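> Okay, predicted coordinates and the sequence, questions at the end:
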Amino acid sequence: MDENVDDVLEATLQNEPLVDSEDNNEDYGTLEVLPKYEYPEWYNDKTHSFYKQTICRLQKLYNLNVETAKHYEKLNYYIFGPSITLTTLCSIAGFLSTADVMTDDAKTGFGLTVGILSVLSTAMQSVAGTCQYKSRGEAFRLSADKYEQILTRLRFEVNMPNEKDFMENLEKEILEVQNKNTYFPPEKISSKYNVNETNC
């Protein structure tokens, strides 16, 4: 077995075709060298530099949208979580206010509790509906998904360009994503990702 290993190593170093010791008629040969990839004539240094800068900008937009989506989803949870809890307590207090085992004073107290909790729950749901945190989070999450798809296509195009009008289609796709999302990210997040700067 050691002799076969030595034969393989020696043949590899000498760049000779490998021969199986059991079957001398089968030649494996050396791997063929692949031809060098030729870039299209329309793909020049300026196009390559623009694609690289666009990848950097899209990566920032993707990160901005992901962080903004998480921010709004967290705010939505902070409102709907207590609202659901208040609704549950309101239902429990409403049941206890009608129970026969309770005294009249206890029933009156649970009745007042139901009214107060109902008002608080309704107020929190109104705030959530006005702020639209859920829809904002979904909009930024969809935008992040679109930017990720565009980034994937752009990385393939940088490595092996084959679409001459890719730049025009790329511009349309980016503008379409921006037009669909009409919400603005919070200032603390947008200032963190300056998408106009090409420095990554």
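Perfect, I can see it now.
> So what's the gap between the helix or strand hosting L142 and the chain middle?
In this structure, L142 sits in helix 133-159 according to DSSP states H and E. Relative to the mean C-alpha coordinate of its chain, helix 133-159 is positioned 7 Å out (C-alpha atoms, centre = their mean, to the nearest Å).
> what ranges do the helices span in the chain?
Applying DSSP state H to the chain gives helices spanning 2-13, 45-97, 104-131, 133-159, 166-180, 187-190.
> Point out the other elements, helices or strands, that the second one touches.
Just to be clear, that refers to helix 45-97. Packing partners of helix 45-97 (3 or more C-beta pairs under 8 Å, 6 or more residues apart in numbering; DSSP states H and E): helix 104-131, helix 133-159, helix 166-180, helix 187-190. Where you see a C-beta, it was placed from the backbone N, CA and C, and this is true even at glycine.
> so can I have TSV of those helices showing distance to L34 and mean pLDDT?
Below are these laid out as TSV (distance: least, C-beta to C-beta, whole Å; pLDDT from 0 to 100):
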stretch	distance to L34	mean pLDDT
helix 104-131	57	81
helix 133-159	15	93
helix 166-180	25	90
helix 187-190	45	89
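> Buried deepest among the ones you listed, which one?
Mean neighbour count (mean count of other C-beta atoms under 10 Å) peaks for helix 133-159 among the helices and strands packed on helix 45-97, with a mean of 17.
> packing partners for that one?
helix 45-97, helix 166-180.
> picking up where we left off before, among the helices of the chain, which comes closest to Y37?
Among those, helix 133-159 comes nearest to Y37, with 9.1 Å by C-beta to C-beta.
> what angle do that closest one and helix 104-131 make?
30 degrees (axes from the mean of the first three to the mean of the last three C-alpha atoms, to 10 degrees).
> what angle sits between helix 133-159 and helix 166-180?
Going by the same axes, to 10 degrees, helix 133-159 makes 170 degrees with helix 166-180.
> What's the separation between N63 and Y193?
N63 is 6 Å from Y193, where distance means C-beta to C-beta, to the nearest Å.
> My understanding was that T98 contacts K107; is that so?
Yes: with contact defined as C-beta atoms under 8 Å, T98 reaches K107; the gap is 7.4 Å.
> ok, back up a step: dump the helices of the chain to a markdown table, plus distance to Y39.
Below are these laid out as a markdown table (distance: least, C-beta to C-beta, whole Å):
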| stretch | distance to Y39 |
| --- | --- |
| helix 2-13 | 33 |
| helix 45-97 | 9 |
| helix 104-131 | 50 |
| helix 133-159 | 10 |
| helix 166-180 | 13 |
| helix 187-190 | 37 |
